[in-house]
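Visitor: Turn this into a structure:
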Amino acid sequence: MTIAEYFETITDRFLMVSFVTDFKILKQVDRSKNGHMRARAIFSDHSQLEFSEFVEQTAEAEIQLVTYSYHWADENGNLIRRWDNAPHFPHLDKFPHHIHVSEREAAPGEPINIFGVLGEIEKTVKK
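Guide: Numbers count the residues shown, from 1 in each chain. Sure, this is the predicted structure:
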């Protein structure tokens, strides 16, 4: 899979999900060996997700997620959850992966990608 195909897969997924009311790519750079996508989605409950992924293509033509940030907020901009792998919580298990559960508190997280995040959001939005 190429970087461009990976980003197209993300876009297609957001356009197919019934609880996504708006999706906009804010920035997309796809080079032969790496790329970056930043986008925003609005959901049927008026919450929104702004996310950023930087990916690289391996020698085996697989897409490897290098850095990510998925910021999910309610309609007033209050944090619901943010998943990222910025290296600022070295004391947490699973470092550098973590989840901001409030503006001041982070919990250990598992490696995750945009598809996993969308699945987590779907559990709440579609209740």
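
Visitor: And the average pLDDT for the lengthiest helix in the chain is what?
Guide: Using DSSP state H, we find that the single longest helix of the chain is helix 3-16. What helix 3-16 shows for mean pLDDT is 96.

Visitor: do you know how far S47 is from I80?
Guide: As judged by C-beta to C-beta, to the nearest Å, S47 and I80 stand 6 Å apart. C-beta here means a position set from N, CA and C on the backbone, and glycine is covered the same way.

Visitor: circling back to that earlier point, could you give me the buried positions within the longest helix of the chain?
Guide: By neighbour count on 16 or more other C-beta atoms under 10 Å, the buried set for helix 3-16 is 3, 6-7, 10, 14.

Visitor: Stretch 92-103 now?
Guide: 97-100.

Visitor: Low-confidence bits of the protein, can you list those?
Guide: 127 (pLDDT under 70).

Visitor: which stretches of it form strands?
Guide: Ranges of strands in the chain, per DSSP state E, are 20-30, 34-43, 48-57, 63-73, 79-84, 98-100, 106-108.

Visitor: Right, I'll leave it there.
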